[in-house]
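Trainee: Okay, sequence plus prediction incoming.
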Amino acid sequence: MTPLLKLIKKQDTISLIILILLIPVVTRLNGRVNFIYILLTSNYITLILNIACLVLMYKKIMIINGINHTLILRQGYMNTKQNIYAFMIMTTLLFLDILYGFLFLVYGISQMSINLLLMLVIYTLIFLFEISIIYLQFNKNSNIFYIALSIIINLICHYMFF
């Protein structure tokens with residue numbers, strides 16, 4: 001797993017942090033209740049931030065595909081698949097933790113309800129499902145279908161359900 005951590009580049013991390021820090025500027029405070037409400041209703045988070053994270057993970061899996069022969073030879077096919085999937089899930093959960101933490105610090109939790117918490121869990125599971133679709137690209141030729149499907153699911157869930 002340690003060699004995979006080298007895939008997290010400083011410029012990618014800084015760009016995601018800058019995008020997260022722009023949330024209060026872009027979403028504005030008027031009419032917003034709490035951080036979960038902003039997470040679910042903000043177009044900026046869905047259209048820019050989530051898609052940026054999905055594209056970043058897609059780029060990482062393409063880099064891994066370029067070096068997967070050496071990884072597979074050293075660790076074995078199943079070990080490599082498990083390590084890469086664990087890396088993608090942990091990176092995604094770290095991104096979501098930073099996003100949720102920042103939104104919590106900026107907007108707070110006034111008027112919290114069980115429905116909003118359930119929607120937060122559903123939002124997290126949907127995003128992890130999208131990352132899992134991108135993971136299917138591992139050890140396959142370049143195919144835009146996986147990233148396109150993840151982005152379409154992201155947009156459908158945002159505009160149809162939230």
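Mentor: That came through fine.
Trainee: For residue 144, grab phi and psi.
Mentor: phi -70, psi -10 (degrees, to the nearest 10).
Trainee: Could you report the separation of it from residue 64?
Mentor: As defined by Cβ to Cβ, to the nearest Å, residue 144 lies at a distance of 17 Å from residue 64. C-betas here are computed from N, CA, C, even on glycine.
Trainee: Any buried residues in the longest helix seen in the chain, and which?
Mentor: Ranked by residue count and defined by DSSP state H, the top helix of the chain is helix 77-107. Buried residues in helix 77-107, counted by 16 or more other Cβ atoms under 10 Å: 80-81, 83-84, 87-88, 91-92, 95-96, 99-100, 102-103, 107.
Trainee: Surely residue 38 is in contact with residue 27?
Mentor: Yes - between residue 38 and residue 27 there is a contact under Cβ atoms under 8 Å: 5.8 Å.
Trainee: show me what contacts residue 70?
Mentor: Residues in contact with residue 70 (Cβ atoms under 8 Å, 6 or more residues apart in numbering): none are found.
Trainee: what's the helix or strand for it?
Mentor: For residue 70, the host element (DSSP states H and E) is helix 51-75.
Trainee: Same check on residue 38?
Mentor: In the assignment (DSSP H and E), residue 38 maps to helix 35-41.
Trainee: pLDDT-wise, which helix or strand of the chain ranks last?
Mentor: helix 2-5 (a mean of 60; mean pLDDT, DSSP states H and E).
Trainee: before we move on, the earlier item: now the helix holding residue 70, how far from the chain's geometric center?
Mentor: Helix 51-75 sits 15 Å away from the centroid of its parent chain (Cα atoms, centre = their mean, to the nearest Å).
Trainee: And stretch 108-125, by the same measure?
Mentor: In this view, stretch 108-125 has its centroid 18 Å away from the chain centroid, taken as Cα atoms, centre = their mean.
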